[in-house]
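Participant: Sharing a model that was predicted from the sequence below.
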Amino acid sequence: MKHTKHEPADGERGTERADGNHSAQDAKAGEAAGASETGGSGRSGKGYTRREMLKMSAAAGGGIALGASGLGAILKMFGAAEAPPAAAGGESAAAANERLDFYGEHQAGIVTPQQTYMYLVGFKVTAADRKTLIGLLRDWTRFCDLSTGGASAVEANGRLLPPSDSGESVDLPAAKLSVTFGFGPSLFAQGGQDRFGLAARAPKHLRDIPRMPKDRIDEALSGGDICVQVCAEDQQVAFHAARNLIRLSAFTASVLWMQEGFISSPPGSTPRNLFGFKDGTANALHDSGAGYGDVVWCGEDEPDWMRGGSYLAYRKIRMLLEVWDRSSLKDQEDTFGRRKDSGAAYGKTGEFDTVSPGELPADSHVRLAKQDGAQMHRRAYSYTGGIDARTGNVDAGLLFLSYQRDPDKQFVPMLRLMSQMDKLNEYTVHIASGLFACPGGWKPGEYVGQRLLEG
Ligand SMILES: C=CC1=C(C)c2cc3[nH]c(cc4nc(cc5[nH]c(cc1n2)c(C)c5CCC(=O)O)C(CCC(=O)O)=C4C)c(C)c3C=C
Ligand SMILES: [Fe+2]
């Protein structure tokens, strides 16, 4: 059952916390709540774990007169910045490192370091009007605010109703949870219909990725009005967030598809994909504030809500592991133009040595990327889906995700070139596709997409 909405009045909202600390109002509310747990000592300025939040919500249910919504009451306890106290002085560095700020100039989960687990969920909005859509985005915002801070939105409204949160992350830390939102072309216009009065606010480059000749796209796994990328260092934390975002969308949106990915590498080194090659090396070419500005973040030529945002290109690419595993090491290395062990380009010794395209096979993947010349920020995850019952082969591959400021220049032409010539095509099939406009980051007190919906 969906929780009753708590619409904070302006005066309830907390102030912006550039330093990660909450306003005095928040701290006071936190102290009051903490007092019930700490024998009166309070925990002003310290973070609360999910477990503590659960206990506090139970305490609040017993001792504080709740409003229509227990969740609302919990949020009120922490002040109407709608967040539990964030990492601040006194908290252990380990705990602080577990949190990624949900607020900021840019959304987390784009250039922030890649976490181990990822869920990608595509939604179709079923709401009939903009107001209902806004309600969903507000609910999602509250959930993300709490869960990225390591708290749970557990209602304290008795045993006769389903709990507002499924609860499997209650004892777990924030685990660097990030939730990144993107809007698909169909949210702005579908079949010539301006469904939510947003057509005039559509970003410049948002249209479906054109189909390529070799594509075997499954429409049921593609597109959508809204895409949510959920990442965390703990799979249960990531799943919990994806699941509860779905749950909160009941009656307002329906899930079209959900993908599950993973990636792993020793700290500081480039992860390997399921072909055993280091994947993500060239991100180092733009790995700086200035580089992100040139490659990732949208600028002044976009509507205000997209500034500091980016376009997410998504391709689900099946990798034919059995074919690959029967190929010689030479064939495998020729496919990328890089060495399998070190990741170095042909003719070089170090992974990050500058690539000399002329030394790479003409149809190799990296040579074609260099020929195209564009850069994008890749954030891919591997996936596995068990065994293909028809063939007995392993169903596995890459959830290719890239962020760029202009997909018409930085993604589509390269995809076209690769689809025509890439040696990698002998071993891969593209089976799902989508392009989403991810707005710039959120300010505390603002709901996801507010500048689009109210601008
Ligand atoms: C249209 C863009 C791309 C698709 C689709 C794509 C699929 C894909 N890539 C790999 C593995 C590797 N890709 C690598 C480099 C690389 N790939 C792209 C783009 C697409 N890849 C770019 C822009 C680059 C960087 C090229 C450069 O400037 O050097 C590499 C090499 C190491 C690295 O830089 O990451 C690997 C390995 C797979 C397996 C795949 C589809 C399944
Ligand atoms: Fe690639």
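Facilitator: Nice, I can see it. Ligands and ions are numbered 1, 2, ... in the order given.
Participant: would you say residue 435 is within a strand?
Facilitator: Yes - under DSSP: H, G, I helix; E, B strand; the rest coil, residue 435 falls within a strand.
Participant: Distance of it relative to ligand 1?
Facilitator: 12 Å (C-beta to the nearest ligand atom, to the nearest Å). Yep, even glycine has a C-beta here, placed from its N, CA and C like the rest.
Participant: what does residue 314 give?
Facilitator: Counting by C-beta to the nearest ligand atom, the gap from residue 314 to ligand 1 is 10 Å.
Participant: any idea of the mean pLDDT in stretch 281-293?
Facilitator: Mean per-residue pLDDT for stretch 281-293: 97.
Participant: Flag every buried residue along it.
Facilitator: Going by neighbour count (16 or more other C-beta atoms under 10 Å), the buried part of stretch 281-293 is 281-283, 286, 291-292.
Participant: and this structure, which residues reach ligand 1?
Facilitator: 273, 275, 277-282, 315, 317, 319, 336, 338, 355, 365-366, 369-370, 376, 397-398, 400, 411, 414-415, 418, 424, 428 (C-beta under 6 Å from any ligand atom).
Participant: Just the buried ones out of the residues you listed, please.
Facilitator: 273, 275, 277-282, 315, 317, 319, 336, 338, 355, 365-366, 369-370, 376, 397-398, 400, 411, 414-415, 418, 424, 428.
Participant: For residue 118, list each beta-bridge partner.
Facilitator: For residue 118, the beta-bridge partners under DSSP bridges are residue 231, residue 261.
Participant: need the strands for this protein, in chain order.
Facilitator: Assigned by DSSP state E, the strands in the chain fall at 117-125, 178-183, 226-232, 253-262, 310-319, 377-378, 381-387, 394-404, 428-438.
Participant: Dump these to JSON lines, plus mean pLDDT.
Facilitator: Listed next are those as JSON lines, based on pLDDT from 0 to 100:
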{"stretch": "strand 117-125", "mean pLDDT": "98"}
{"stretch": "strand 178-183", "mean pLDDT": "98"}
{"stretch": "strand 226-232", "mean pLDDT": "99"}
{"stretch": "strand 253-262", "mean pLDDT": "98"}
{"stretch": "strand 310-319", "mean pLDDT": "99"}
{"stretch": "strand 377-378", "mean pLDDT": "98"}
{"stretch": "strand 381-387", "mean pLDDT": "97"}
{"stretch": "strand 394-404", "mean pLDDT": "99"}
{"stretch": "strand 428-438", "mean pLDDT": "98"}
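Participant: sorry, back to before: from the buried residues of stretch 281-293, which ones fall inside helices?
Facilitator: Members of the buried residues of stretch 281-293 lying in helices (criterion: DSSP state H): 291-292.
Participant: Next, give me the two most distant ones among the buried residues of stretch 281-293.
Facilitator: 281 and 292 (17.0 Å; C-beta to C-beta).
Participant: what residue ranges in this protein are flagged as low confidence?
Facilitator: For the chain, residues meeting the criterion pLDDT under 70 lie at 1-91, 95-96, 155-157.
Participant: residue closest to the middle of it?
Facilitator: By C-alpha atoms, centre = their mean, the chain has its centre lying nearest to residue 229, at 2.8 Å.
Participant: Name the nearest residue to that one, sequence neighbours excluded.
Facilitator: Of all residues not flanking residue 229 in the chain, residue 180 sits nearest, at 4.3 Å (C-beta to C-beta, 6 or more residues apart in numbering).
Participant: Now do that neighbour: how many residues are near it, please.
Facilitator: Applying other C-beta atoms under 10 Å, we find 27 residues neighbouring residue 180.
Participant: contacting residues for it?
Facilitator: Counting by C-beta atoms under 8 Å, 6 or more residues apart in numbering, residue 180 touches 107-110, 228-231, 312, 438.
Participant: One more: residue 254?
Facilitator: 123-124, 126 are the contacts of residue 254 under C-beta under 8 Å, 6+ apart.
Participant: Tell me the one among the contacts of residue 180 nearest to ligand 1.
Facilitator: Minimum distance to ligand 1 across the contacts of residue 180 is 12.9 Å, recorded for residue 312 (C-beta to the nearest ligand atom).
Participant: residues contacting that closest one?
Facilitator: 180, 182, 227, 229, 401-403, 434-438.
Participant: I'd like the distance between it and residue 108.
Facilitator: 14 Å (C-beta to C-beta, to the nearest Å).
Participant: tell me which strands and helices the longest helix along the chain is in contact with?
Facilitator: In the chain, with assignment by DSSP H, the single longest helix is helix 130-148. Helices and strands in packing contact with helix 130-148 are listed as helix 70-77, strand 178-183, helix 235-248, helix 450-454; criterion 3 or more C-beta pairs under 8 Å, 6 or more residues apart in numbering; DSSP states H and E.
Participant: Go through it and flag the buried ones.
Facilitator: Under 16+ other C-beta under 10 Å, the buried positions of helix 130-148 are 133-148.
Participant: got the CA coordinates for it in CSV?
Facilitator: C-alpha atoms of helix 130-148 as CSV (Å, rounded to 0.1, in the frame of the first residue of the first chain):
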residue,chain,number,x,y,z
ARG,A,130,1.1,16.1,-14.7
LYS,A,131,0.0,16.5,-11.0
THR,A,132,0.0,12.7,-10.5
LEU,A,133,3.4,12.4,-12.2
ILE,A,134,4.7,15.1,-9.8
GLY,A,135,3.4,13.0,-6.9
LEU,A,136,5.4,10.0,-8.0
LEU,A,137,8.6,12.1,-8.4
ARG,A,138,8.1,13.6,-4.9
ASP,A,139,7.7,10.1,-3.4
TRP,A,140,10.8,8.9,-5.3
THR,A,141,12.7,11.9,-4.1
ARG,A,142,11.9,11.2,-0.4
PHE,A,143,12.8,7.6,-0.8
CYS,A,144,16.2,8.4,-2.4
ASP,A,145,16.9,11.1,0.1
LEU,A,146,16.5,8.6,2.9
SER,A,147,18.1,5.5,1.4
THR,A,148,21.2,7.2,-0.1
